[in-house]
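S.K.: Got a sequence here, can you build the structure:
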Amino acid sequence: MERQRIAVACGGGPVATVMKAAKMLGAERSVILHTTTSADVVGNYSGYVVGYVSAALVKGNEKEEGIEDSEVEKPFDLTKEQKKTLLNIARKTLEEYLKTGNIPEFHIDDPELQKNMGVFVTLKKHGQLRGCIGLIRGVKPLYLGVQEMAISAATRDPRFPPVKYDELKDIEIEISVLTPFQRVKKPEEIKIGRDGLYIVKGFYSGLLLPQVPVEWGWDRETFLRQVCYKAGLPGDAWRDAELYKFQALVFSEE
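M.R.: Predicted structure coming up:
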């Protein structure tokens, strides 16, 4: 059975009305401009939070920020020391935050780590997923994105209970730094183990990292179907949706 998307929002009726009116006026897609939560403001992620999003409903095929039509893969790499720095930021942030509720400050001068890039932080406990949340677009410096997503992966992934401080000794941190997205013109362009997928259709979107199909043993067809499910769409929706591929620089504490 294909999964259905379920959303709960205060003012859901007015939001749905605006979306319907925008669609009648020609809007074809939504573009997320910014997201935040009440916890981001007060710095306390220990309880329930209120989430906020600003979005534009647009006509035509305007490209979202960070999305390109080019098929050219842009090489990106970090030195061993830069990777170590990012992993240390994630680890020290979780240790401090889960113990005291405080978010440590880091002063990073490295220009590579100050670049705005999409990034995901994945937490694994004894090899099993324990949390994963990320930024698909480069809206803030990489090192700050790592810090924020580390906290989010530990405390805000709805699939899991919040990580406890005592668990950290058993948790491995993995970081995935995303390249800009490239439009997929035909499915044969997708290479398992190299590419992640991002799908957009109307007001629905979903993303799967490059390492996901490898870990699950998926072929290309299964990967395409699963990214549709991730977006809350039917398994064959990729055939008439906007489909993008991207690569990721993946590294971990292992």
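S.K.: use CA for all of it now, contacts and neighbours both
M.R.: Fine.
S.K.: Who are the packing partners of the helix or strand encompassing Ala153?
M.R.: Assigned by DSSP states H and E, Ala153 belongs to helix 142-155. Applying 3 or more CA pairs under 8 Å, 6 or more residues apart in numbering; DSSP states H and E, one finds that helix 142-155 contacts helix 80-100, strand 119-125, strand 128-135.
S.K.: Give me the angle between it and helix 80-100.
M.R.: Angle of helix 142-155 versus helix 80-100, following axes from the mean of the first three to the mean of the last three CA atoms, to 10 degrees, is 40 degrees.
S.K.: Return the most buried member of the helices and strands packed on helix 142-155.
M.R.: For those, the largest average neighbour count (mean count of other CA atoms under 10 Å) is found in strand 119-125, namely a mean of 22.
S.K.: could you give me the average pLDDT of it?
M.R.: Average pLDDT, strand 119-125: 98.
S.K.: Tell me how many other residues surround Pro158.
M.R.: 11 (other CA atoms under 10 Å).
S.K.: roughly how far apart are it and Arg130?
M.R.: 11 Å (CA to CA, to the nearest Å).
S.K.: In what element of secondary structure is the residue nearest to Arg156 when sequence neighbours are not counted found?
M.R.: Distances taken as CA to CA, 6 or more residues apart in numbering place Pro162 nearest to Arg156, at 6.9 Å, with adjacent residues excluded. Following DSSP H and E, one finds Pro162 outside all helices and strands.
S.K.: pretty sure Pro162 contacts Ala150?
M.R.: No - Pro162 lies out of contact with Ala150 (CA atoms under 8 Å); the separation is 11.9 Å.
S.K.: who has more neighbours, the two?
M.R.: More crowded of Pro162 and Ala150, by other CA under 10 Å: Ala150, with 30 against 20.
S.K.: could you list every residue that touches that one?
M.R.: 90, 93-94, 121-122, 133 (CA atoms under 8 Å, 6 or more residues apart in numbering).
S.K.: from these, which two are the most distant?
M.R.: Thr93 and Ile133 (15.3 Å; CA to CA).
S.K.: does Tyr204 really touch Ala231, like I thought?
M.R.: Yes - using CA under 8 Å, Tyr204 is in contact with Ala231, at 5.8 Å.
S.K.: didn't Ser205 look like it was pressed against Ala237?
M.R.: No - between Ser205 and Ala237 there is no contact under CA under 8 Å: 11.0 Å.
S.K.: contacting residues for Met117?
M.R.: 137-142, 177-179.
S.K.: Distance of it relative to Arg194?
M.R.: For Met117, the distance to Arg194 - CA to CA - is 18 Å.
S.K.: next one: Val121
M.R.: The value you get for Val121 to Arg194, if CA to CA is used, is 18 Å.
S.K.: Any idea how many residues pack against Glu167?
M.R.: For Glu167, using other CA under 10 Å, the count is 10.
S.K.: Just to be sure, it is in a helix?
M.R.: Yes - assessed by DSSP: H, G, I helix; E, B strand; the rest coil, Glu167 belongs to a helix.
S.K.: Verify the stated contact: Gly232 with Lys201.
M.R.: No - Gly232 sits out of contact with Lys201 when judged by CA under 8 Å, with a separation of 10.1 Å.
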